[in-house]
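K.L.:
My questions are about this predicted structure, shown below with the sequence.
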Amino acid sequence: MLRFTAPRLRLCAIGLACLLGLATRAHAAAPVQIYPTSQINSGDTAWMLTSSALVLMMTGPGLALFYCGLVRRKNVLATMMHSFILMAAISVVWVIIGYSLAFDVGTPWIGGLRFAFLRSVGAGPCEYAPTIPHTTWMAYQMMFAVITPALICGAYAERMRFSSMLMFSIAWLLAVYCPTAHMIWGKGGFFNASYAAGTAYAGSHEVLDFAGGIVVHLSSGVSALVCALVIGARREYGKLPMPPHSVVLSLIGAALLWVGWFGFNAGSALHANELASAAFVNTHLAAAIAALTWMTVEWLKSGKPTVLGAISGAVAGLATITPASGFITPMYALAMGAIGGCACFFAVTVLKQWLGYDDSLDVFGVHGISGIVGGTLVGVFAASSINGKAGWIEGNPHQVTNQLLAVATVCALCVAASLALMKGIDLLCGLRVGESDEYDGLDITQHGESGYNFEEAFSDEVVLEGTSLAGALAQRASAQQPEPVPATAR
């Protein structure tokens, strides 16, 4: 197994120094470019910077709180750490090479290296967003890259080594996310309208994905299923109950995700205009109807409307509407949200039991299924009055074919790459923590910390040496009991 000993740490430090030196040299060798700034719009720039901050908020604290509340108490810090550390690690990898692989003009499947180390990325506009600085566009896309591998962490929560998680997330970004983003959003990408420009094939494979239903949610959800199958179920899964330790934290996280999603979807308009307004309204309505749908179906099935069901439905609706938020009308958004809520509820409550996999936080059931449903239905409901793109309802059934082709292609890439990465990392340093470490919890065994210090909470009690937490609780309970009234005084 790989261990971070002192020699290895020194080697990492030397490698980092060489990488920084290479970055400096690359920038020094880059040609000086004068960017035209006359096209820059201050309103658009302000909106995109705000949207970037909203999307970053979705990862931490939004996703961090949402996920940490769903795990057991002994794994709360380790789960939050996944989201937090990926905000740092993915950002660095993105500016070094990830952004270039995703958005430079290269092959139909992957970008080139023109933007590596942020060469040619300056204060002027870029071809993707002519009214905002190139750096703003790059930063906005960086936030998407940050949250996508963080979503996958929910599949192997409570049992994966921290070092293995970090290696997998970085490798997955380069092997899956960057090619997927390039194929669908990048200039010259196979599913982008710019593919084969100027020929009879121009736009023939165009896929509609306004804000990442396929690029973000489908890719993370399908990869999460592969990870859950490869790493295996948690010990005692299916034998012992493993309820969320704090639905309160998950509710707060879901609310933050809902708010941040406006930057995710409405920000993808790239302008502070009527298209952003349409995406904003569609996003909210889909989340609202999906939360109601999930809650109602659960209510009818089990007799009680749960908070966990309502917030899961909201997230499912948000993910379902993501690819279509800038292409459909509000009434279609309601339809898509309801369909997405029902589909994800079925996947989480029925399909998961049928297949018998342990996706700890239902990443595939919520994000993977919503990516498939939303990525397909946008080809049905797209309205030309919103963004100039027509779907099946408006007489363009070919768009559904394009959507299904993209869904199938991304699924195949995710399965192949995720399987190879998980197997490779397992051979290199192991995926899972040991049985005793998993029993004790990842907070202590992976990070040497505890999310809840109960010893401190009972420091004011007179507790004999060696008394357990249960004993301390009993002492406090007995101390709070009223004195019994003597029978003679009654």
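P.N.:
Sure thing, it's come through.

K.L.:
State the number of residues packed around the residue nearest to Gly111 when sequence neighbours are not counted.
P.N.:
Leaving aside its chain neighbours, Gly111 sits nearest to Asp104 (3.8 Å; criterion: CB to CB, 6 or more residues apart in numbering). Quick note: C-beta positions are derived from backbone N, CA and C, even for glycine. Applying other CB atoms under 10 Å, we find 20 other residues in the vicinity of Asp104.

K.L.:
What does Asp104 show for phi and psi?
P.N.:
Main-chain torsions, Asp104, degrees, to the nearest 10: phi -80, psi 150.

K.L.:
What helix or strand is the nearest residue to Gly337 once chain neighbours are set aside located in?
P.N.:
For Gly337, ignoring the flanking residues on the chain, the nearest one in space by CB to CB, 6+ apart is Ala286 at 3.3 Å. Secondary structure from DSSP states H and E places Ala286 in helix 274-302.

K.L.:
Mind giving me the packing neighbours of the helix or strand just after that helix?
P.N.:
Per DSSP H and E, helix 274-302 leads on to helix 307-321 as the next helix or strand towards the C-terminus. Identification of packing neighbours for helix 307-321 by 3 or more CB pairs under 8 Å, 6 or more residues apart in numbering; DSSP states H and E yields helix 247-265, helix 274-302, helix 330-346, helix 369-381.

K.L.:
Now helix 307-321: buried residues?
P.N.:
308-321 (16 or more other CB atoms under 10 Å).

K.L.:
Could you do stretch 78-86 as well?
P.N.:
Judged by neighbour count using 16+ other CB under 10 Å, the buried positions of stretch 78-86 are Ala78, Thr79, Met80, Met81, His82, Ser83, Phe84, Ile85, Leu86.

K.L.:
Tell me where the longest helix sits in the protein.
P.N.:
For the chain, the helix reaching the highest residue count under DSSP state H is reported as helix 398-429.

K.L.:
Tell me which other helices or strands that helix touches.
P.N.:
Checking 3+ CB pairs under 8 Å, 6+ apart, helix 398-429 ends up next to helix 162-172, helix 178-185, helix 219-231, helix 369-381.

K.L.:
what inclination does the first one have with respect to helix 398-429?
P.N.:
Here the directions of helix 162-172 and helix 398-429 differ by 140 degrees (axes from the mean of the first three to the mean of the last three CA atoms, to 10 degrees).

K.L.:
Can you tell me which of the buried residues of helix 307-321 is nearest His271?
P.N.:
Sorting those by distance to His271 puts Ile321 at the head of the list, at 19.5 Å, by CB to CB.

K.L.:
Give me the pLDDT value at the closest residue to Lys352 other than its chain neighbours.
P.N.:
On the basis of CB to CB, 6+ apart, the spatially nearest residue to Lys352 that is not a chain neighbour turns out to be Gly365, at 5.9 Å. As predicted, Gly365 sits at a pLDDT of 97.

K.L.:
Surely Gly365 and Val348 touch.
P.N.:
Yes: under the contact definition of CB atoms under 8 Å, Gly365 touches Val348, with a separation of 3.9 Å.

K.L.:
More neighbours: the two, which one.
P.N.:
More neighbours surround Gly365 than the other of Gly365 and Val348, with 26 against 20 (other CB under 10 Å).

K.L.:
and that one, how far is that from Trp185?
P.N.:
Gly365 sits 26 Å away from Trp185, taking CB to CB, to the nearest Å as the criterion.

K.L.:
quick one on the thing from earlier: would you report the backbone torsion angles of the residue nearest to Lys352?
P.N.:
Listed backbone geometry of Gly365 is phi -60, psi -30, with angles given as degrees, to the nearest 10.

K.L.:
Tell me if I'm right that the residue nearest to Gly111 and Phe115 touch.
P.N.:
Yes: counting by CB under 8 Å, Asp104 does reach Phe115; the two are 5.1 Å apart.

K.L.:
In TSV: the helices and strands packed on helix 398-429, plus mean pLDDT.
P.N.:
Compiled in TSV, the helices and strands packed on helix 398-429 are given as follows (pLDDT from 0 to 100):
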stretch	mean pLDDT
helix 162-172	97
helix 178-185	97
helix 219-231	98
helix 369-381	98
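
K.L.:
just to revisit the earlier point, remind me what the helix holding Ala286 packs against, helices and strands.
P.N.:
Contact partners of helix 274-302 among helices and strands, from 3+ CB pairs under 8 Å, 6+ apart: helix 247-265, helix 307-321, helix 330-346, helix 384-387.

K.L.:
Pick the most deeply packed of those.
P.N.:
When neighbours are counted by mean count of other CB atoms under 10 Å, the highest per-stretch mean among these falls to helix 307-321, a mean of 28.

K.L.:
How far away from the center of its chain is that one?
P.N.:
The chain centre lies 14 Å from the centre of helix 307-321; the measure is CA atoms, centre = their mean, to the nearest Å.

K.L.:
Report the mean confidence score over it.
P.N.:
For helix 307-321, the mean confidence score works out to 98.

K.L.:
Sweet, I'm off.
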